[in-house]
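J.: my questions are about this predicted structure, shown below with the sequence.
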Amino acid sequence: MGILFVITSIGIVSGIVGTCTGGLMAFFIKDISNRNLGCILEFSSGLMTAVVCFKLVPEAFYYGGSYLALAGLILGVIIIMICEELINKSKVLNVKGGKKDLLRTGILMAIGLALHNFPEGIAVGAGFEASTKLGIALAFVIAVHDIPEGIAMAVPMRVGGYSKIRSFGWTFVSAIPMGIGALIGALVGEISKSFVGICMGFAGGAMLYLIAGQLIPESKNLYRGRFTIVGNILGIIIGIIVCNVV
């Protein structure tokens, strides 16, 4: 029972460290220009694109094969689309002095990251069952690539009208599914590779929709100059380096 608590704790901590490190941006964003905000969103989308394309999707195909990986990707896209519709119909966007489009982007990022953290938590838990070294390595990689996702969540929320504490709080809450997933992965133990594959595909699909459907379009609405394009390219390059180093 003690080892399950340790694995669950490591899962939660790795998710919190990554997303909350990015979420700290909420305390430094005040009167940011559209140019700089657009660049931040593009940089985050570039990093996330690299992680999805060079980590999540390859792992989904490796563990689940072509059909299950693609099924997971499609399911991830559909679930985020449904969440988007529910948010549009809810009252959560009614914030005085805020920008609804940015706030919607931030909230969807929070939902997407929570859904994304759960299967990755399962991978961490299953990794610990294989070997302690593998579990720690997976937890570290996930913590690193959660940083830009935390930024892409907290900054739009802050500019969209949420307070610093509320914006930062969302990054904390979105990390909790990581611990739940880690616990399930450890309990299952010899978890099927197919299940891990479809979970990774699901996470990749959810992130891809958020990148293509929210972050990049919102960035272009804010600023259409070369500065944001450079931010996106820089994010992709750094993301590729991170994926290969860690």
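T.: Okay, I see it. Residues are numbered from 1 along each chain as shown.
J.: any idea where the helices of the protein begin and end?
T.: In the chain, helices defined by DSSP state H lie at 2-23, 34-51, 57-89, 100-130, 132-160, 164-174, 176-188, 193-210, 216-222, 226-245, listed in chain order.
J.: report all helices and strands that the fourth one contacts.
T.: Counting contacts by 3 or more Cβ pairs under 8 Å, 6 or more residues apart in numbering; DSSP states H and E, helix 100-130 packs against helix 2-23, helix 57-89, helix 132-160, helix 164-174, helix 176-188, helix 193-210, helix 216-222. C-beta here means a position set from N, CA and C on the backbone, and glycine is covered the same way.
J.: mind listing what's buried along the third one?
T.: For helix 132-160, the buried set under the neighbour-count rule, 16 or more other Cβ atoms under 10 Å, comprises 135, 138-139, 141-160.
J.: so residue 111 makes contact with residue 80?
T.: Yes - with contact defined as Cβ atoms under 8 Å, residue 111 reaches residue 80; the gap is 7.2 Å.
J.: these two: who's more crowded?
T.: Shown here are residue 111 and residue 80; by other Cβ atoms under 10 Å, residue 80 has more neighbours (24 against 21).
J.: now that one: how far from residue 105?
T.: Residue 80 is 12 Å from residue 105, where distance means Cβ to Cβ, to the nearest Å.
J.: repeat that for residue 199.
T.: Distance, residue 199 to residue 105, by Cβ to Cβ: 24 Å.
J.: same thing with residue 78?
T.: Using Cβ to Cβ, we find residue 78 at a distance of 19 Å from residue 105.
J.: low-scoring pLDDT stretches of this protein, where are they?
T.: 1-2, 30-31, 90-99, 126-127, 129-131, 134, 145, 188-192, 246 (pLDDT under 70).
J.: one more time with 90
T.: 1-60, 62-65, 72, 76, 79-228, 231, 235, 238-246 (pLDDT under 90).
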